[in-house]
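1. With the sequence up front, the predicted model follows.
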Amino acid sequence: MHIAIVGNIGAGKTTLTELLAKNYGWDPLFEAVDNNPYLEDFYSDMKRWSFNLQIYFLNSRYRQIIDIQKGDFNIIQDRTIYEDAYIFAENLHDMGLMTTRDYQNYQAIFDNVIENIKPPDLLIYLKASVPTLVNNIQRRGREYESGIRLDYLSKLNDKYQKWINNYKLGKLLILDKDTLDFANNTEDLATIVQMIEREIHGLF
């Protein structure tokens, strides 16, 4: 079983990944953030480093998915390869932070990569408003995230909504992070687990 959690920066993906992995006794698979050699440079000069960052993410997530497909274990994944292309790279191009030449090159690589991968059995989208995202980002206090602009987060939210509205690769569960506090409220977490069970087992 492969469950993937998607959502904007600060939506709570890592926290939910940890909680669900603990609940099910499954293996969590996290985004390569702490060891990413481009993130700090990217946030200080997005236009210069956007292509490098997106290629790094694409490659690291592709390796993750190949490992998932080779294994026979249950996985909870923090962020997906699809977000790299449909959300972040597209948004960087729209904002003039990635050249058309680099964007087209990136898309060509992405199109080749996804021919070799299977989508998750269940995609969980953590939908969150910009104030919720900002609150979470400030609370975790990553220095390189301190300069993230509100319009950037807002544009990412728009991209997520567009992608989710057209998602047809498999089962989808949308959770409203503005009203769910699964990090501090065990009842909210229990509600989410019940919703996941319904999706996985087709229960109504």
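-> Okay, I see it.

2. Where does pLDDT dip in this structure?
-> Within the chain, the stretches with pLDDT under 70 are 32-34, 203-204.

3. the helices in it, which residues?
-> Secondary structure of the chain by DSSP state H: the helices cover 13-24, 39-44, 46-70, 81-83, 90-94, 100-114, 130-140, 150-165, 186-201.

4. contacting residues around the nearest residue to residue 78 once chain neighbours are set aside?
-> Nearest residue to residue 78, sequence neighbours excluded (C-beta to C-beta, 6 or more residues apart in numbering): residue 17, at 4.3 Å. In this view, the C-beta of every residue, glycine as well, is placed from N, C-alpha and C. By C-beta atoms under 8 Å, 6 or more residues apart in numbering, the contact set of residue 17 is 5, 28-30, 76-78.

5. Swap in 6 Å and give it another go.
-> Residue 17 is in contact with 5, 28, 76, 78, counting by C-beta atoms under 6 Å, 6 or more residues apart in numbering.

6. go on, residue 195?
-> By C-beta under 6 Å, 6+ apart, the residues touching residue 195 are residue 173.

7. residue contacts, the residue nearest the centre of the chain?
-> Nearest to the mean C-alpha position of the chain, by C-alpha atoms, centre = their mean, lies residue 79 at 2.8 Å. With contact set as C-beta under 6 Å, 6+ apart, residue 79 has these partners: 13, 31.

8. distance of it from residue 25?
-> Distance, residue 79 to residue 25, using C-beta to C-beta, to the nearest Å: 22 Å.

9. Confirm for me that residue 182 is in contact with residue 193.
-> No. Counting by C-beta atoms under 6 Å, residue 193 is not a contact partner of residue 182; they are 9.4 Å apart.

10. Who has more neighbours out of the two?
-> The neighbour count for residue 182 versus residue 193, taken as other C-beta atoms under 10 Å, is higher for residue 182 (21 against 15).

11. Report the separation between the more buried one and residue 122.
-> Separation of residue 182 from residue 122 (C-beta to C-beta): 16 Å.

12. Residue 199 now?
-> Residue 199 is 5 Å from residue 122, by C-beta to C-beta.

13. same deal with residue 60?
-> In terms of C-beta to C-beta, residue 60 sits 22 Å off from residue 122.

14. again with residue 152
-> According to C-beta to C-beta, residue 152 stands 28 Å off from residue 122.

15. wait, residue 136 sits on residue 8?
-> No. Contact between residue 136 and residue 8 fails when scored by C-beta under 6 Å: they sit 9.7 Å apart.

16. Which one of these two is surrounded by more residues?
-> residue 8 (27 against 18).
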